[in-house]
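> below: sequence and its predicted model.
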Amino acid sequence: MAEYPEGHVELWADAAPLPYTTYDRFPEVDQRAIVDNKRQGLALASTAEGQERTAHSPLTGHSNVVSPPSNGPSQSRHR
């Protein structure tokens, strides 16, 4: 193997150069995409935390279910 000052590298085996390609483990990434994903991750984590708290808390407050009217006289007026 030979590494030159300008960064060029050559691989050798049996006095013959070997072909190779470089692999960039850290390609350039759009920073806006990273920020958007972080914000989305925070929002999803917050939502999941809220759902977890709601799932384990007892039901309180008024229900949205309407009870059927009793068999007594109607409370509405007809004209």
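On my side now, so go ahead. This is a predicted model, so every value here is computed, not measured.
> quick check: the gap between A55 and E49.
Distance of A55 to E49, computed by Cβ to Cβ, to the nearest Å: 11 Å. For the C-beta atoms, the positions are set from N, CA and C on the backbone; glycine is no exception.
> the two: who's more crowded?
E49 (10 against 7; other Cβ atoms under 10 Å).
> give me the mean pLDDT for stretch 19-36.
On average, the pLDDT along stretch 19-36 is 78.
> what's the span of it, first residue to last?
The first residue of stretch 19-36 is 40 Å away from its last residue (Cα to Cα, to the nearest Å).
> again, but for stretch 14-24
28 Å.
> low-scoring stretches of the protein, by residue?
57-79 (pLDDT under 70).
> just the strands in this protein please.
Remark: strands assigned in the chain by DSSP state E are 2-3, 9-13, 16-18.
> quick one: closest of these to Q31.
Minimum separation from Q31 across the strands of the chain (Cβ to Cβ) falls at strand 9-13, 29.5 Å.
> okay, now the sheet partners of that closest one, with direction.
Applying DSSP bridges, strand 9-13 is found paired with strand 2-3 (antiparallel), strand 16-18 (antiparallel).
> from P19, how far out is the spatially most central residue of the chain?
Central residue of the chain (Cα atoms, centre = their mean): G41, 4.1 Å from the mean position. To P19, G41 is 41 Å away according to Cβ to Cβ.
> if we can go back for a sec, roughly how far does the residue nearest to the centre of the chain sit from A2?
The separation that G41 has from A2, given Cβ to Cβ, amounts to 45 Å.
> same check on D36?
44 Å.
> for Q31, same thing?
36 Å.
> and the residue nearest to Y20 when sequence neighbours are not counted, what does it touch?
Distances taken as Cβ to Cβ, 6 or more residues apart in numbering place L11 nearest to Y20, at 5.7 Å, with adjacent residues excluded. Applying Cβ atoms under 8 Å, 6 or more residues apart in numbering, one finds that L11 lies in contact with 1, 17-18, 20.
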